[in-house]
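Engineer: Provide a 3D model corresponding to the input given below.
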Amino acid sequence: MVLDEFPRQLARTRRFSLGVPRAVTVSADGGRVLFLRTSGGEDPVSRLWLIDPADDSGEQLLADPTASWNVGSGEVPEAERIRRERMRELASGIVAYSADESCRTIAFALDGQLWALAGHQPDRAGQPGPPSDCPLPTLVPTAGPVTDPRIDPTGQRVAYVTDGALHVVELATHVNQALATPEHAEVAYGLPEHVAAESMYRYRGFWWAPDGRQLLAARVDNAPVRQWWIADSANPQQPPRAIRYPAAGTANADVTLHVLRLDGTRTEITWDRQAFEYLTTASWDAHGPLLSVQSRDHRTLLILGADPATGQTSLLHEERDPAYVELTYGAAPLRTPAGRLAHVSDLDGDHRLAIDGEPVTPDGLQVREVIGADGETVYFIGIQEPTEEHLWRYDPAEGLRRLSSEPGVHNGTAAGGTVVRSSWTEAGQAMTVTSPGRAAKSIANLAAEPVLTPRITWLTVGARALRAALLLPSWYQAGTSLPVLMSPYGGPAAQRVLRMSSSAFLQDQWFAEHGFAVLVVDGRGTPGRGSAWEKTVYGDALSAPVEDQADALTAVAGQFPDLDLGKVGIRGWSFGGALAAMAVIRRPEVFHAAISGAAPHDQRLYDTYWRERSLGHPDENPEAYDRSSTITQAAGLTRPLLLIHGIADDNVVVAHTLRMSSALLAAGRPHQVLPLSGATHTPTDENTVSQLLNHQLAFLTDALGIRAAGR
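Structural biologist: Numbers count the residues shown, from 1 in each chain. Predicted coordinates for the structure are as follows:
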């Protein structure tokens, strides 16, 4: 049966992410486009590909890790495993790469080994592995297992991190040089600290200068950070894993920034680190190093230029907010070749693109992400209707222009006049390469065809015009009473109600086919509707989101009378898991059962950056933490609750769920706990992913007293 097949298909396809092209790089002249993609919808091995906008050769395979040249061990270094977990990487093989400006010399890591492609002629036949007359990837000797190799813009050398040390290897001679080595065991050069990668969207720790002879590198000293231990209880013979986790109100890592030169000299970049302890962004362009730093209370952010010779910094822009300054995804801040500073500012309630301090986007257009600049033209993602994200460009001479039109989620990258646009719509995903004077080319999407098709009714409901998606069974006929399953994320940084095909909606449809009306609602705190909407949750993370879920349910039931408001479940993961638990505790007359997965139940246990941003310091604002923690209100539970958590989760640690369970037991409140052995915050094991859906369905049907359709 289709319903029985879907959970396994979801797991085998890594939530339908396999076979989808991604990680696109365009050469500076626009003549070459690199990307990663697996060979099919159930193939987990990611390969490196090329497409040339100027010829008709089609897609060209550059490097296939399943070919005989790959002599790797299959073991991923711990630092690389952590990097992949922070980035929610689901594939194997070549999951990241780095190219010079011409995209002709490329470096990547496999199982801790460094490989390089230089001056290659790609396989135009598109078969696994280049033909015999084309050079294979070259294994480059290194000082140890490699994490995050980055080639310099000139293509002559590669920097990489091994055992916390930052090294450079010359591709021509294979001579290795250590530019910075850790002074003690808790120091690492060139890697982001936990909160940078998990909460600031900064996944890197070093950046090349344009001349390829200097680097800007972060030094992270984790000694001040509390040490936690994560054990695999199902395998007691294995030692626990130590992590440095800065919980709210505790010490952060000590982060400094340094210019490291190939001649062995170094200069520290200086700013008031006591007042601004967060390094949120860094880069090095033609005008020198550029960085952003933020205060611990999140209310002030500085954009600084730096002199690499002296380390002195100068203020380019200051952003203040009485609640918190919101960070932006992507490349901002950046400087164009002419030196214009492009950044995002909160002005009059909107996230606006500003050039040299002057806003260039209109009222009501929210800048979600700055992608980059092609010359003086800045590309960004903008939102006007909260269910759609579109690709925009701003040119000083031409002004603003929207490059996408169909409802959905659109992204892209550009260089040398070539634009690669990725579009997710209800019809699926498409990636198109356009270049001046040339016919547009498509990059194939090889994702598996889902056995289910979402049936979505898009809604705007209630006094707050909440965006919602209602999914009904394919067999539904008017007059058929349906229990309801709310399926929110509902929190900051992520929207669920987007006009696109996604694996999340496929899971919702699977529940719908079993007899539920599934309702997905984005309430206050979610992106896309301006800073005031997002900051409604400042000081109270869950009250407004719970209210919005309840209000949306009532409003939708007014339009669809077949929704049975006497049988309502709610399920969520991460923030959505906390929202689900709080909903069933506070509003048991509305929500009759809840599934809470990987949830931050105790807000004091979550990381400094993310939690203090909206709740303040726990010593100064303990009431905010109490209001926003389900543990403090556990005694109010009167409805069935299923708690799920991965034992190996190092983002929202399993202690959240264990403490919640203890609080419920102490209050005499029955509940269920499902531990996922070996699972992190994003489970990938096929059995775990597939059976998790079935277990949730069984819990809901039992808790709500219903019989699932088709069972």
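Engineer: and stretch 552-566, what's buried?
Structural biologist: For stretch 552-566, the neighbour count (16 or more other Cβ atoms under 10 Å) marks 552, 553, 555, 556, 557, 560, 563, 564 as buried. Where you see a C-beta, it was placed from the backbone N, CA and C, and this is true even at glycine.
Engineer: just the ones of the residues you listed in helices?
Structural biologist: 552, 553, 555, 556, 557 (DSSP state H).
Engineer: how about the residues you listed in TSV, adding pLDDT?
Structural biologist: Shown next, in TSV, are those (pLDDT from 0 to 100):
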residue	pLDDT
552	98
553	98
555	98
556	98
557	97
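Engineer: which one of those is nearest to residue 98?
Structural biologist: Residue 98 lies nearest to residue 552 out of these, by Cβ to Cβ, at 44.5 Å.
Engineer: for that closest one, which residues are in contact?
Structural biologist: 461, 462, 466, 468, 519, 521, 523 (Cβ atoms under 8 Å, 6 or more residues apart in numbering).
Engineer: and what of residue 362?
Structural biologist: Here residue 362 is in contact with residue 400 (Cβ under 8 Å, 6+ apart).
Engineer: follow-up on the earlier one: closest to residue 195 among the contacts of residue 552?
Structural biologist: residue 523 (25.8 Å).
Engineer: mind listing what's buried in the lengthiest helix in the chain?
Structural biologist: Ranked by residue count under DSSP H, the longest helix found in the chain is helix 686-704. For helix 686-704, a neighbour-count test (16+ other Cβ under 10 Å) marks 689, 690, 692, 693, 696, 697, 699, 700, 701, 703, 704 as buried.
Engineer: wait, the fourth one sits on residue 9?
Structural biologist: No: judged on Cβ atoms under 8 Å, residue 693 makes no contact with residue 9 at a distance of 11.0 Å.
Engineer: okay if I get the buried residues of stretch 552-566 as TSV plus distance to residue 621?
Structural biologist: TSV is the format used below for the buried residues of stretch 552-566 (distance: Cβ to Cβ, whole Å):
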residue	distance to residue 621
552	29
553	31
555	33
556	35
557	37
560	41
563	39
564	40
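Engineer: and of those residues, the nearest to residue 298?
Structural biologist: residue 552 (29.3 Å).
Engineer: what sits closest to that closest one if chain neighbours are left out?
Structural biologist: Leaving aside its sequence neighbours, residue 552 sits nearest to residue 521 (Cβ to Cβ, 6 or more residues apart in numbering; 4.2 Å).
Engineer: state the distance from the one you found to residue 468.
Structural biologist: In this view, residue 521 and residue 468 are 5 Å apart by Cβ to Cβ, to the nearest Å.
Engineer: can you check residue 314 too?
Structural biologist: Using Cβ to Cβ, residue 314 is found at 48 Å from residue 468.
Engineer: quick one: which of those two has more around it?
Structural biologist: Neighbour tally, residue 314 and residue 468, criterion other Cβ atoms under 10 Å: the higher count belongs to residue 468, 26 against 9.
Engineer: quick check: bridge partners of the more buried one?
Structural biologist: Per DSSP bridges, the residues bridged to residue 468 are residue 459, residue 521.
Engineer: re earlier: burial count for the residue nearest to residue 552?
Structural biologist: As a measure of burial, residue 521 has 29 neighbours, counting by other Cβ under 10 Å.
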